[in-house]
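Enquirer: Here you go, sequence then predicted model.
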Amino acid sequence: RRMKKKTKLFGKPKSEGKIKKSQRQLEKNRSNSSNAKDKKQQEASEKHKIQYTGYRVLNDPDKKIDRISAKDINPVSFFEQYVCRRKPVVITGHLQDPSWKGAIWTDEYLKNRCGHTLVKVEKKKELTDSFGTGAPKITMKFGEFLDELKKGSSDMYLTTQYDDHSSLSKDQRRMIDYCPPPLTDLLGDFPVHPKILGKLIPSQVNLWMGNSTTTGSSSGLHHDYHDNLYILLRGRKRFTLFSPFDAPNMYTHGELLTVHPNGLINYSENGETRADGVILSDVKKYATKTAENRLRDLQEQNADQNEITEAETHLESLLNSMLSDEDNDDFKDDFEELQEEGGDDDDDDDDDDMDFDISSRKKRRKTQRSNALNKKARIDSDLKAQSTITTSDNPSSFSRIDIASLRLGRSSLFPLLAKATKVVVELSAGEMLYLPASWFHEVNSFSDAEQTSHMAFNYWMHPPTTADAENPYPDQFWQSKFAKTEALVDKIIQERSAPPPSAKLSKSKGKKTAKQQNTTQKRKKEDEEEQEHPSLPENAKKKKKKSKKTSSVTLEETQTIQHKSTAPQKASAPEKPAKTSSAKPSKRSPVEEDTTNTTEEKPKKTAPGKQNRQQNIKKINTPWCSFCQTT
């Protein structure tokens with residue numbers, strides 16, 4: 001009893017004290033972990049120095065982004081004033097290209113053109129969530145998606161369309177990589193390479209569409225890996241922007257590796273690239289291929305031997321660097337395999353004794369190439385595209401900062417956010433926004449009161465690395481790739497715009513029949529004149545001309561003659577022979593019969609091949625002959 005009383009008196013306070021102590025320890029651990037993350041971010045920014053040299057938003061609350069008119073700017077001035085300086089700008093008005101037809105993209109028009117196309121739609125789990133979280137997308141027809149928006153659904157959003165296209169042909173993959181659905185069915189309604197971009201190389205076009213309430217829908221804070229020309233067609237958007245200089249303060253899910261001078265950000269999990277987004281291994285492959293082509297051209301042109309020798313040495317150095325980078329790990333792995341299999345490692349200097357397994361080496365090279373392609377896809381795609389490639393739900397370029405803290409501009413959970421400088425841009429329908437690569441942005445979308453959806457179309461371009469408007473890239477890597485894509489797209493547009501062959505045939509048929517009708521009418525008039533005035537010399541001359549022209553009979557007359565001469569007998573009345581020219585015996589003399597045949601009966605005597613053609617004409621009931629390509 002005494003022990004029970006003691007536990008009743010002293011047990012409860014002791015347990016409460018332990019709970020409070022554990023709570024304090026938990027809070028301390030949390031603060032330590034957050035401080036450790038902040039230190040890690042700062043160390044990363046110090047270790048990998050921010051090389052960004054472009055435009056930065058000043059610490060001025062009234063600072064605004066420039067606004068220019070689309071009619072008052074040309075590609076060179078646009079590049080020099082904004083693209084080269086890495087400065088965002090709002091452009092009032094849409095593209096000035098004659099092929100731009102985005103203004104006519106109503107729901108009915110889109111349904112007729114591409115309502116049957118399957119698209120992938122991002123759907124929010126809860127209405128309070130933001131888009132771009134990496135959740136799996138649902139597949140549905142584009143027409144059904146438009147119907148859902150018309151009903152007022154605000155939990156669905158059409159974003160980038162990335163999928164596994166390994167089963168498609170090379171041209172189909174190239175086509176979809178540039179123009180994913182549903183835009184594949186809208187080719188011809190927008191320019192492949194807008195004039196305002198100048199020498200910038202487009203990477204992809206996209207359609208963004210959704211519906212939002214009065215509070216708007218958020219995309220979450222993120223950045224893209226390409227320059228962006230964002231064209232708003234419906235609704236309005238609010239952009240909250242941060243320059244790449246503030247990347248260490250953005251609390252990204254990926255571990256920061258490099259911020260290039262033009263602003264492009266690399267992460268350690270995706271690997272380092274060149275400033276224009278090319279993977280370093282691809283750079284060496286392209287340089288090697290270019291050197292091979294140059295050497296081949298010099299040899300074919302019988303150039304100077306010194307030039308050929310220089311080209312050979314340059315190609316050899318490139319090949320050696322490629323082999324040292326790609327095969328260094330393979331060499332070590334193969335050597336370890338030989339030692340495990342009992343190989344003698346004393347004869348290291350003898351190259352002949354090192355007999356490596358070539359098949360295993362090829363397999364490793366294939367896996368290396370596939371890994372490089374995967375890295376390239378991750379880097380070249382948008383953050384929403386990365387959600388389909390990476391295993392984690394949150395892409396590397398996505399920020400951990402919540403929307404409430406972002407709008408407020410400071411937070412105890414994200415203290416580094418206070419060091420960043422933001423600028424807010426309002427965009428209305430009929431305006432465009434140019435946003436350089438790796439500028440962080442959170443987009444808040446609103447639907448108009450009249451319309452039940454907001455819609456935008458954008459071009460992604462590879463970020464430039466030079467200040468030259470004519471040569472914005474260090475080499476022709478992106479130009480050579482886009483030239484094939486542009487030729488393929490132009491070919492598809494021409495095939496779709498060309499009329500079908502049946503329409504051409506119908507036009508030609510109509511013209512031929514009209515000519516034939518005119519000739520028959522003229523000949524009827526001539527025959528009437530001959531019957532009225534047979535003694536005139538002009539009519540005598542016309543008779544001679546008629547006797548010489550054996551093929552002057554019209555198509556209608558030949559069909560009637562053929563019908564009379566070669567018509568098959570009826571099955572119901574086999575006793576009645578077909579009507580022919582020899583059915584009625586002639587009362588004339590043989591001489592008279594010969595003379596009449598030369599003038600009147602000669603068109604009836606047709607060659608066997610000609611009879612077959614006439615039968616074909618009669619069968620298809622058309623004046624156009626597909627065999628001889630004439631009437």
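Expert: Great, that's in hand.
Enquirer: The nearest residue in space to residue 80 that is not next to it in sequence: what's it in contact with?
Expert: Nearest non-adjacent residue to residue 80, counting by Cβ to Cβ, 6 or more residues apart in numbering: residue 469, 6.3 Å away. C-beta here means a position set from N, CA and C on the backbone, and glycine is covered the same way. Residues in contact with residue 469, defined by Cβ atoms under 8 Å, 6 or more residues apart in numbering, are 75, 76, 79, 80, 84, 198, 199.
Enquirer: For PyMOL, write the selection for the buried entries among those residues.
Expert: To isolate the buried members of the contacts of residue 469 in PyMOL, using 16 or more other Cβ atoms under 10 Å:
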select buried, resi 75+79+84+198+199
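Enquirer: of the contacts of residue 469, closest to residue 304?
Expert: For the contacts of residue 469, the closest approach to residue 304 (Cβ to Cβ) belongs to residue 199, at 33.0 Å.
Enquirer: mind checking how far that closest one is from residue 289?
Expert: Distance, residue 199 to residue 289, using Cβ to Cβ, to the nearest Å: 22 Å.
Enquirer: now do residue 165
Expert: Distance from residue 165 to residue 289, counting by Cβ to Cβ: 24 Å.
Enquirer: want to throw the contacts of residue 469 into JSON lines with distance to residue 409, secondary structure and pLDDT?
Expert: Shown next, in JSON lines, are those (distance: Cβ to Cβ, whole Å; DSSP: H, G, I helix; E, B strand; the rest coil; pLDDT from 0 to 100):
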{"residue": "75", "distance to residue 409": "37", "secondary structure": "helix", "pLDDT": "95"}
{"residue": "76", "distance to residue 409": "38", "secondary structure": "helix", "pLDDT": "95"}
{"residue": "79", "distance to residue 409": "33", "secondary structure": "helix", "pLDDT": "96"}
{"residue": "80", "distance to residue 409": "33", "secondary structure": "helix", "pLDDT": "95"}
{"residue": "84", "distance to residue 409": "30", "secondary structure": "coil", "pLDDT": "95"}
{"residue": "198", "distance to residue 409": "36", "secondary structure": "coil", "pLDDT": "94"}
{"residue": "199", "distance to residue 409": "38", "secondary structure": "coil", "pLDDT": "95"}
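Enquirer: And the contacts of residue 469, which is closest to residue 255?
Expert: Of the contacts of residue 469, the one sitting nearest to residue 255 (Cβ to Cβ) turns out to be residue 84, at 29.7 Å.
Enquirer: My guess is the closest one contacts residue 436. True?
Expert: No: with contacts counted by Cβ atoms under 8 Å, residue 84 stays clear of residue 436, the gap being 9.9 Å.
Enquirer: Quick check: neighbours shared by those two?
Expert: Joint contacts of residue 84 and residue 436 (Cβ under 8 Å, 6+ apart) do not exist.
Enquirer: Let me know the closest of the contacts of residue 469 to residue 314.
Expert: Checking the contacts of residue 469 against residue 314 with Cβ to Cβ, the nearest one is residue 199 at 26.8 Å.
Enquirer: Give me the phi and psi for that closest one.
Expert: phi -90, psi 0 (degrees, to the nearest 10).
Enquirer: what do you get for residue 406?
Expert: Main-chain torsions, residue 406, degrees, to the nearest 10: phi -70, psi -40.
Enquirer: Look up how far residue 241 lies from it.
Expert: Applying Cβ to Cβ to residue 406 and residue 241 gives a distance of 11 Å.
Enquirer: where do the helices sit along the stretch 401-550 of the chain?
Expert: Assigned by DSSP state H, counting those that start in this stretch, the helices in the stretch 401-550 of the chain fall at 403-408, 477-497, 501-532, 537-548.
Enquirer: As a check, name the ranges of all strands in the stretch 351-500 of the chain.
Expert: 422-428, 431-435, 440-446, 454-461 (DSSP state E, counting those that start in this stretch).
Enquirer: Format these as JSON lines; extra columns: distance to residue 306, mean neighbour count and mean pLDDT.
Expert: Shown next, in JSON lines, are the strands of the stretch 351-500 of the chain (distance: least, Cβ to Cβ, whole Å; neighbours: other Cβ atoms under 10 Å; pLDDT from 0 to 100):
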{"stretch": "strand 422-428", "distance to residue 306": "57", "mean neighbour count": "17", "mean pLDDT": "92"}
{"stretch": "strand 431-435", "distance to residue 306": "48", "mean neighbour count": "23", "mean pLDDT": "97"}
{"stretch": "strand 440-446", "distance to residue 306": "52", "mean neighbour count": "23", "mean pLDDT": "93"}
{"stretch": "strand 454-461", "distance to residue 306": "41", "mean neighbour count": "24", "mean pLDDT": "95"}
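Enquirer: Of all these, which one comes closest to residue 105?
Expert: It is, among the strands of the stretch 351-500 of the chain and with distance given as Cβ to Cβ, strand 454-461, at 7.2 Å.
Enquirer: relative to strand 431-435, how tilted is the closest one?
Expert: Counting by axes from the mean of the first three to the mean of the last three Cα atoms, to 10 degrees, strand 454-461 points 40 degrees away from the direction of strand 431-435.
Enquirer: which helices and strands sit right next to strand 454-461?
Expert: Packing partners of strand 454-461 (3 or more Cβ pairs under 8 Å, 6 or more residues apart in numbering; DSSP states H and E): strand 202-210, strand 227-234, strand 236-242.
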